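> Next come a sequence and a model predicted from it.
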Amino acid sequence: GTITASGGRNTVPGIAYLNGPFFVMDGEGVIYNSGSDDPRTWKALDFIIANSIPGAGMAIARSLNYIIAFKEWSTEPFYDAKNAVGSPLLPYESGLTPVGCASGTSLAEINGALIWLAQVRERGRSIYEMVGIQQKQISTPDVERILNADDLATVHAYGIKVDGHSLY
């Protein structure tokens, strides 16, 4: 089938579900949540802003019991604080990192790990993996050289497991 929506804001790639609500994020880093187990209901005050580090919103995903806001220059995890009014989320300050996302369409999940085309102001682009909220760089210098030379006009990513090997 086809879902057609009009009005509102444009959202970044990804939708995440955590303990009832669905979550989406826009390019300004605003994370909106639906009603509990009701993706048809979106109230005007049900949002939180990922603004610990300035930058555009790039993608959103879930990792364990966290909603992860992938932004241009940071990854910002949020946890379910079960707030009665507004967003149920609060930022998990200890998980904030200055590792951003160069393209929202680069995000893929493999075996519970999130993998994406990351960017860091001082070091440029690389590939990162997140398990829970722990991140590590997994690309080689040769791959990073190619990523830093590309204009990223078209980016597609997916994860697959073949013969016990996870591929991004």
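Yep, that arrived.
> Next, find the distance separating Pro21 from Thr41.
Distance, Pro21 to Thr41, using C-beta to C-beta, to the nearest Å: 9 Å. In this view, the C-beta of every residue, glycine as well, is placed from N, C-alpha and C.
> Now do the shared contacts for these two.
Shared contacts of Pro21 and Thr41 (C-beta atoms under 8 Å, 6 or more residues apart in numbering): Ser34, Gly35.
> These two: who's more crowded?
Each of Pro21 and Thr41 has its neighbours counted (other C-beta atoms under 10 Å); Pro21 has more, 23 against 13.
> Now do the residue nearest to Val131 when sequence neighbours are not counted, the pLDDT please.
Spatially, and ignoring its direct neighbours in sequence, Val131 is nearest to Ala113 (4.9 Å; C-beta to C-beta, 6 or more residues apart in numbering). If you check Ala113, the pLDDT there is 95.
> i'd like the first residue to be 813 from this point on
Fine by me, first position is 813 from now on; the one you just mentioned is Ala925.
> Tell me who's in contact with Ala925.
Glu941, Met942, Val943, Ser978.
> which of these tops the neighbour count?
In terms of neighbours by other C-beta under 10 Å, the contacts of Ala925 top out with Met942 at 27 neighbours.
> so which helix or strand takes in it?
Counting by DSSP states H and E, the element that carries Met942 is strand 936-943.
> thinking again about what came up before, from Leu876, how far out is the residue nearest to Val943?
11 Å.
> try Ala896
According to C-beta to C-beta, Ala896 stands 24 Å off from Leu876.
> Just want to know which of the two has more residues nearby.
Using other C-beta under 10 Å as the criterion, Ala896 and Leu876 rank with Leu876 on top: 13 against 5.
> Need the nearest residue in space to that one, chain neighbours excluded.
Gly944 (5.0 Å).
> Then Leu902?
Excluding the flanking residues, the one nearest Leu902 by C-beta to C-beta, 6+ apart is Ala893, at 4.1 Å.
> show me the contacts for that neighbour.
Contacts of Ala893 (C-beta under 8 Å, 6+ apart): Pro900, Leu901, Leu902.
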